[in-house]
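Engineer: Predicted model, plus sequence, below.
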Amino acid sequence: MILAHGVGERHDLPLPLDLVLQGAAIALLASFLGLGLLWTRPRFTPSPDEEGRDWWPVRLLVLVGLLFVPSWPHLVFVLLWVGVAFASMLLGPVWRVLNPLRFAARFSLGHAYPPRLGHWPAALSLLAFTWVELVSPHALPWFLVAYAVVNVAGGVVFGPTWFARADGFEVYSTLLGRLSPLHGNPFRRLMSTPVRPGLVAVIAVCLGSTAFDSIGSTPTWARWGLPDALGLVVAIAVVAGSYLLCTRLLGGPLAHSLIPIIAGYVVAHYYSLLVIEGQRVFDQSVRADETLAAPVIVATVQVVAVLTGHLVAVVSAHDRTLALLPKQRHLTGQVPLLLLMVGYTAGGLALLFAG
Amino acid sequence: MIRWLLLVLMLAGCSAAPTAETGPVVLNLSVDNSSPQRTSVSRGQQVEITVTSTKDAEVHVHGFDVLATASAGKPASLKFVADRTGTFEVEAHPDTLLAQLVVR
């Protein structure tokens, strides 16, 4: 992350090369072993999304809390972007509960949200946010104002559906929330991800931007002297392009299987930021305790997170392809996506090493 | 068994004492034609950085709060002890990367 008023002053140590190579080898081996050994008939039935309760007092508390924010960059880049992601993986879709802008839906005009729009507005707002995070952090106040205006307007016009489909942070939090063990079997929760227009775009923005965050902070990238904006857009386009090439028409129905890969990489990438900067959210003069960010702990967390994400992704993609493909293509039809996942995982590990 | 191994690993990580190297790490950098590279530093080692520039430039080592100004004919000099692990940027403001310190 580019220096944003004291957030991201420290990056992690590069992963040792032998760990990267061993991790990639394990991912490759486990994937193809899985292909041969896993079940041959679809096993996970989707579990329907529960209608969340409206916890408006929590939202009111958040709204009041915003009046006392000591450092907006810490609040947004650490608590909101990273903290909400981690909390969602553990507890479920927390942003739906916390988002103070959701009050706007109480004054809704009740228009129907156009199904064609799907998650496209969410993909755009996530792109705008990662642009601010990685290319021009000083635009943060403008982004926050625009984000608030757009979402209040959307909430008034379309009601709660707007937030569930078009609010980038809520879509991100809800996707990661499918991995939470508190809401039933994560595999079944992943399977029930609704396939909507723009879902692949959301996934590509999340994965591509995190990848570029690693690329953009290497000295090699600085020596090339290319604009960061170009790198961000190319990284997202490469993720989207490679995914669509490997899945063809099944891109939408298989997109949920990339969520664990995103989660694994997000944990690997942001773990140390959360444990160090998380201590400084309310008081930036504190020198954080770095025990939990000791090199051996960070490296262990990174490798375990990336590999776990990979394995969960492979299993959920396997199960879904069994349901989608005709029987004679069960084995061969899985190979392109499997190779792509090995590529993303090996690439992710390599980025944690790259200089 | 695995739990014990993890515990031992974690304890080893926490109690690794700062290792004092003998000499300081010396870096000579230039703002005008910067070609950033990574430099390895042992935790606890002294770092001495000299930065030349033909224009006034504020040089900053992230994570250590070390700041100095370089101007034509008057290089900036930064000296500090690398007492925390991680990768840290040496940067001329606003955003010219000069080097990265990899402190283990």
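Structural biologist: Arrived safely, thanks for sending.

Engineer: ok, and does the helix or strand hosting A:Ala240 reach over to chain B?
Structural biologist: According to DSSP states H and E, A:Ala240 maps onto helix A:228-247. No - using C-beta under 8 Å from any C-beta of the partner chain, helix A:228-247 stays clear of chain B, coming no nearer than 9.4 Å. No exception for glycine: its C-beta is placed from N, CA and C like everyone else's.

Engineer: which residues touch that helix?
Structural biologist: With contact meaning C-beta atoms under 8 Å, 6 or more residues apart in numbering or on different chains, helix A:228-247 is reached by A:2, A:127, A:130-131, A:134-135, A:200-201, A:203-205, A:207-209, A:211-212, A:215-216, A:221, A:251, A:254-255, A:258, A:336-337, A:339-340, A:343-344.

Engineer: Among the residues you listed, which lie within helices?
Structural biologist: In this view, the contacts of helix A:228-247 that belong to helices under DSSP state H are A:127, A:130-131, A:134, A:200-201, A:203-205, A:207-209, A:211-212, A:215-216, A:221, A:251, A:254, A:336-337, A:339-340, A:343-344.

Engineer: For chain B, tell me which of these show up nearby.
Structural biologist: Answer for those near chain B: none qualify (C-beta under 8 Å from any C-beta).

Engineer: Enumerate the residues of chain A near chain B.
Structural biologist: A:2-3, A:9-14, A:217, A:219, A:222-223, A:272, A:290-291, A:293-297, A:300, A:355.

Engineer: same thing but at 7 Å, please
Structural biologist: Within chain A, the residues that sit near chain B (C-beta under 7 Å from any C-beta of the partner chain) are A:3, A:9-14, A:219, A:222-223, A:290-291, A:294-297, A:355.

Engineer: Any of the contacts of helix A:228-247 buried? List them.
Structural biologist: By neighbour count, with 16 or more other C-beta atoms under 10 Å in any protein chain shown, the contacts of helix A:228-247 hold A:2, A:127, A:130-131, A:134-135, A:200-201, A:203-205, A:207-209, A:211-212, A:215-216, A:221, A:251, A:254-255, A:258, A:337, A:340, A:344 as buried.

Engineer: picking up where we left off before, okay, buried residues for the helix holding A:Ala240 please.
Structural biologist: Result for helix A:228-247 [16+ other C-beta under 10 Å]: buried residues A:228, A:231-233, A:235-236, A:238-240, A:242-243, A:246-247.

Engineer: Would you reformat those as TSV and include pLDDT and distance to A:Gly154?
Structural biologist: Conversion of the buried residues of helix A:228-247 to TSV gives the following (pLDDT from 0 to 100; distance: C-beta to C-beta, whole Å):
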residue	pLDDT	distance to A:Gly154
A:Asp228	94	29
A:Gly231	97	30
A:Leu232	97	25
A:Val233	97	25
A:Ala235	97	28
A:Ile236	98	23
A:Val238	97	30
A:Val239	97	26
A:Ala240	97	24
A:Ser242	97	31
A:Tyr243	97	28
A:Cys246	94	33
A:Thr247	93	30
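
Engineer: hmm, back to that, can you flag which of the residues of chain A next to chain B belong to helices?
Structural biologist: Going by DSSP H, the helices hold A:219, A:222-223, A:295-297 from these.
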